[in-house]
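Sharing a model prediction with you, sequence too.
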Amino acid sequence: MRFCVFAASLAAGVSLAAVSAHAQSGVLNKAVGGYSFEDASKEAPTTKDFNNKDGKLTFAVITHTAGNGFFDPTYVGAKVAANMIGANLLLLGSEAPVDDIPREIEIINQVINDPSIDGVIMTTPQSGAYNDIVKKLKERGIPVATTNSFDPNILDRSQISHTGQDASAAAIGGEALAKCLADKGVKGGTIIFPNTTTLGNVEVNNRITAAFQATVKTLNAAGKLKDFKVDAGPQNIGIDVDANNIVGSVVSLIESRKDVVGAFAANGFVTPALGDAIGQLKLNGKVCAFGFDLGPKQQEQIRTGALTGSLGQQPFLQGFWPVMQLYLQIDRGISAANLDTRAQLVTKDGVDKVGKRYEN
């Protein structure tokens, strides 16, 4: 009897082992087409000699403002991706702290004549200004990826990947502004949307419109719209402020309205100015003030209450993905694929999580 129990136990063990072995047979090591995944995952032998024939890919990243810190994580993301694929990277950009599109285009025109370049990543804030550049690179067989600001009319748009935040994401800030007013029990007043509209940044203008519409919609849904004056300028792309005296002009705007209870700015230039203006007027925590980007200054202003919050557009991805996209186009022949980096609202509760490794 004891032998029978032992035998039964042994049989059960063998049976379980057989089931386990059978389950492991689902492991795959080659494709249905017959090739091995190991071989197919290797880089093509011609990839590193794609254009300049020097045995290493070289990509250039050019932005329209490298002087205010916003694009720092973009460059970091690009560097991480370049390290992963063993590529050289040229980190370039307008040195100005404000959008300097002519300077960016000047730098790009130098880059496109560089024989060592295998791919170009660039921001495109001024619609229609980059077509000659794309045409020249196309003639040379150099792939292009755009990042951050979107030009819908750029030459061969469907053949160029874009990585960035759709302007409609600014609605998150508009909704947060309206909710902040409700949470504070604000009964009425003026809500302003300052912007440097004369600089012609279409993407930023569209953000203002999206935030304005979201604020109006949220207030209206709560039955409160009639109690507020929501002012985004005559075209709903912002109330123009002076780019040469940005803080002073925002201060003047707030003082002239006398009853400002909320404000929204749409880029990394006007947002810190909004925070500075609120600080100068000693309105910290008294105005529901939201903005864009999460540079060091915006982070500090959130901590002090000069800003209630700011929208991060995950610029790390705006550097990382374009590098990988160009590599995939060169090595795999993969068509241009867009990536929406969306938006994350950061307030005082979460601002201390933002840093050089986790910056949005």
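Happy to help now that I have it.

When you work out contacts or count neighbours from here on, use the C-alpha atoms and nothing else.
Noted.

So what touches stretch 33-52?
Under the contact criterion Cα atoms under 8 Å, 6 or more residues apart in numbering, stretch 33-52 has outside partners 29-31, 54-57, 115-118, 142, 330-331.

mind running it again at 6 Å?
Here stretch 33-52 makes contact (Cα atoms under 6 Å, 6 or more residues apart in numbering) with 29-30, 55-57, 116, 118, 331.

Report the buried residues of that stretch.
Buried residues in stretch 33-52, counted by 16 or more other Cα atoms under 10 Å: 47-48, 50-51.

where's the dip in pLDDT among these?
Within those, pLDDT reaches its minimum at Asn51, with 92.

picking up where we left off before, okay, and which of the buried residues of stretch 33-52 map to helices?
Judged by DSSP state H, helices contain none of the buried residues of stretch 33-52.

ok, back up a step: from the contacts of stretch 33-52, which two are the most distant?
Farthest apart among those by Cα to Cα are Asn29 and Ser116. That separation is 38.1 Å.

quick one, which of the two is more surrounded?
Ser116 (17 against 11; other Cα atoms under 10 Å).

if we can go back for a sec, for the contacts of stretch 33-52, pick the one with the most neighbours.
Asp118 (29 neighbours).

who's in contact with that residue?
Taking Cα under 6 Å, 6+ apart as the test, what Asp118 contacts is 51, 57-59, 142.

now the residues you listed as a markdown table including secondary structure and distance to Asp259?
Listed next are these as a markdown table, based on DSSP: H, G, I helix; E, B strand; the rest coil; distance: Cα to Cα, whole Å:
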| residue | secondary structure | distance to Asp259 |
| --- | --- | --- |
| Asn51 | coil | 60 |
| Leu57 | coil | 56 |
| Thr58 | strand | 54 |
| Phe59 | strand | 50 |
| Ile142 | coil | 54 |
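
Check the residues you listed against Val354 and report the nearest one.
The closest of those, once distances to Val354 are taken by Cα to Cα, is Phe59, at 27.8 Å.

Across the sheet, point out what pairs with the closest one.
Beta-bridge pairing for Phe59 (DSSP bridges): Leu89, Gly119.

where in the stretch 1-150 of the chain is pLDDT low?
Residue ranges of the stretch 1-150 of the chain with pLDDT under 70: 1-25.

Break down it into its helices, ranges please.
Taking DSSP state H, counting those that start in this stretch, the helices of the stretch 1-150 of the chain run over residues 2-24, 37-40, 72-85, 101-111, 131-140.

then the last one to CSV, C-alphas only?
Only the C-alpha atoms of helix 131-140 are listed here, as CSV (Å, rounded to 0.1, in the frame of the first residue of the first chain):
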residue,chain,number,x,y,z
ASN,A,131,10.2,74.4,-46.5
ASP,A,132,13.5,75.4,-48.3
ILE,A,133,15.4,73.6,-45.5
VAL,A,134,13.4,70.4,-45.8
LYS,A,135,13.7,70.5,-49.6
LYS,A,136,17.5,70.8,-49.4
LEU,A,137,17.8,68.0,-46.9
LYS,A,138,15.5,65.8,-49.0
GLU,A,139,17.7,66.4,-52.0
ARG,A,140,20.7,65.2,-49.9
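
Any chance you could list what contacts it?
Applying Cα under 6 Å, 6+ apart, the contact partners of helix 131-140 are 154-155.
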